[in-house]
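Chemist: here are the coordinates; sequence isn't available:
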């Protein structure tokens, strides 16, 4: 009996040993591939679970507050050890930190389970020359001035420096809220040697126009790309036969690697307006010049002659649309007809160069002498930090000739109206004309019926063509009317936005609304300066001194302290500009009466 009892005990023990162990609770783990990391580099966050896939995936969106997620991958592994099968799932996310210092990766949920938090240290990138040259690829950034002037120019240059082949890449645009950013020129590529190592450099340049004074930062700009990596870490079997995902059709000994680099953050201090502005137009530039040309000789001007005066303002460090309008006051013995100004912006490799062209047609109407006043444009020299002035000297015009006598206005005999006697003689000659007029001796009479029928057919064809053209014209008129209605509705909305901003006493919102309204008035061409708004507002009003003062006060308020901005009277500003904004455009028939005087001679 004792022997049988031991046999039963051994059988039970063997049976228990042959059973699989109880399934443990699902576990989810998370870790990073390195710690600490640099702020301008990416790292990988790995999430693993030891259970088979059940449709759940990590909730990556929770990382958006402190990290940029540049893609995720998923893989599953199954292994058999000692006749036991185990499975695991791995998710890998490529992350880039948004800030430096101690950053906590929060718990990430996978279905009903979640990972633990991870403490990550993000260090400031070392952008010194020696540190960068130890890296295969990096992004540089610099500006031409760390102390620019308000509404001046800041040239931002981004350089992608790479010692390895970049297969593809994308560079984000700089994003700032205190100025206007515009890309200038074309990308430049060249080779450079640093400490004996060969690099390929690609440059991209931007011009920033500061709209707010004070301390500001140009945030890091992100470059995302793909480079050729080194040898793969898989087995020889995987390398040769492509068992790894995505390896078919590629070099079995190399793999593509996704990289992300950020440029360094750059700090600027934008200088405020000088205290001695005294109502002058604020125009900071490196250089500014005024030139003029005439279409003819100004010394031999006769009565009725016309001349075209072209004035060009050219500024280095300013866009064309930032330049003020040049005006010429009316004169007693010549009529002056200004044309619409034209602006243009170029880039000479280091500076933006803006130009504004104004044309004036002068038509002499009386003999005598007239003096065209000198033109003065004050501007601020950003290199010497002092006021300068561009000038065009006064010009004296002498109109020669005498006015014709009043009798010459009568109709000359050669073009006088025909007399009644001449009309009667014509009737008598028609009555004496032979009835067989139009025939010749021995010839058959002309086929008048055919001629009459041909004329009738020609008249019908002409009538049909006229009717068809009228229908087309009516259709075009309806389309133009609909287009005008849409344009008027957009302008009404822009005016309502402007009025709301004024009543909210917000100088910044008022400026933005004014620029938007002015863009509608310029038929979609962007308006970027309050000086252009002032020019548009001044056109429908004969006396625009109040408009100029209100725009100047708004421009000055935008660059003062917040406490001073709160005292700005938006309602008074609206009452000042309202007549100009709501003024009806001149009717077309008025232009028809004015324009012919330009072409009398």
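Modeler: Looks like it came in fine. Because the structure is a prediction, the values reported are computed rather than measured. Residues are numbered from 1 along each chain as shown.
Chemist: Okay, strands next: where are they in the stretch 301-450 of the chain?
Modeler: Under the criterion DSSP state E, counting those that start in this stretch, the stretch 301-450 of the chain contains strands at 301-302, 306-316, 334-338, 342-347, 352-364, 368-372, 375-381, 386-392, 395-400.
Chemist: State the mean pLDDT of the one helix or strand residue 103 maps to.
Modeler: Residue 103 is located in strand 101-105, with elements delineated by DSSP states H and E. Averaged across strand 101-105, pLDDT comes to 88.
Chemist: and that strand, what does it pack onto?
Modeler: If contacts are counted by 3 or more Cβ pairs under 8 Å, 6 or more residues apart in numbering; DSSP states H and E, strand 101-105 sits against strand 118-123. (Glycine included, C-beta is placed from N, CA and C.)
Chemist: tilt between the strand it packs on and strand 101-105?
Modeler: 150 degrees (axes from the mean of the first three to the mean of the last three Cα atoms, to 10 degrees).
Chemist: re the thing from before, and the next helix or strand after the strand holding residue 103, how far out from the chain's middle?
Modeler: As assigned by DSSP H and E, the chain's next helix or strand after strand 101-105 is strand 109-110. Put simply, strand 109-110 sits 43 Å off its chain's centre (Cα atoms, centre = their mean, to the nearest Å).
Chemist: and for strand 109-110, what are the contacting residues?
Modeler: 28, 47, 49, 56, 57, 58, 59, 62 (Cβ atoms under 8 Å, 6 or more residues apart in numbering).
Chemist: Can you list phi and psi of the nearest residue to the last one once chain neighbours are set aside for me?
Modeler: To tie it back to what came earlier, the one meant is residue 62. Distances taken as Cβ to Cβ, 6 or more residues apart in numbering put residue 106 closest to residue 62, at 5.6 Å, once the chain neighbours are dropped. The phi/psi pair for residue 106 (degrees, to the nearest 10) reads phi -70, psi 160.
Chemist: Is residue 106 in contact with residue 64, as I believe?
Modeler: No. Look at residue 106 against residue 64 with Cβ atoms under 8 Å: they stay out of range, at 10.7 Å.
Chemist: Could you give me the buried positions within stretch 347-364?
Modeler: 347, 350-364 (16 or more other Cβ atoms under 10 Å).
Chemist: Residue 106 and residue 64: which is more packed in?
Modeler: residue 106 (14 against 10; other Cβ atoms under 10 Å).
Chemist: contacting residues for the more buried one?
Modeler: With Cβ under 8 Å, 6+ apart, residue 106 has these contacts: 62, 63, 117.
Chemist: for residue 103, same thing?
Modeler: Residue 103 sits next to 66, 67, 97, 120, 121, 122 when contact means Cβ under 8 Å, 6+ apart.
Chemist: ok, residue 391 - how many residues close by?
Modeler: Residue 391: 12 neighbours (other Cβ under 10 Å).
Chemist: okay, now the residue lying closest to it once chain neighbours are set aside: neighbour count?
Modeler: Leaving aside its sequence neighbours, residue 391 sits nearest to residue 376 (Cβ to Cβ, 6+ apart; 5.5 Å). For residue 376, the count of nearby residues is 10 (other Cβ under 10 Å).
Chemist: Pretty sure residue 376 sits against residue 389.
Modeler: Yes. Checked against Cβ under 8 Å, the pair residue 376 and residue 389 is within contact range at 5.5 Å.
Chemist: are any of the contacts of residue 106 buried, and which?
Modeler: Buried subset of these (neighbour count, 16+ other Cβ under 10 Å): residue 63.
Chemist: pLDDT and distance to residue 312 for the contacts of residue 106 - can I get that in CSV?
Modeler: Shown next, in CSV, are the contacts of residue 106 (pLDDT from 0 to 100; distance: Cβ to Cβ, whole Å):
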residue, pLDDT, distance to residue 312
62, 84, 59
63, 86, 56
117, 89, 65
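Chemist: Out of the contacts of residue 106, which comes closest to residue 84?
Modeler: Each of these was scored against residue 84 by Cβ to Cβ, and residue 117 proved nearest at 32.4 Å.
Chemist: what sits against that closest one?
Modeler: Counting by Cβ under 8 Å, 6+ apart, the residues that residue 117 touches are 104, 105, 106, 107.
Chemist: switch to 6 Å and redo it
Modeler: 104, 106, 107 (Cβ atoms under 6 Å, 6 or more residues apart in numbering).
Chemist: One more: residue 367?
Modeler: Contacts of residue 367 (Cβ under 6 Å, 6+ apart): 303, 399, 401.
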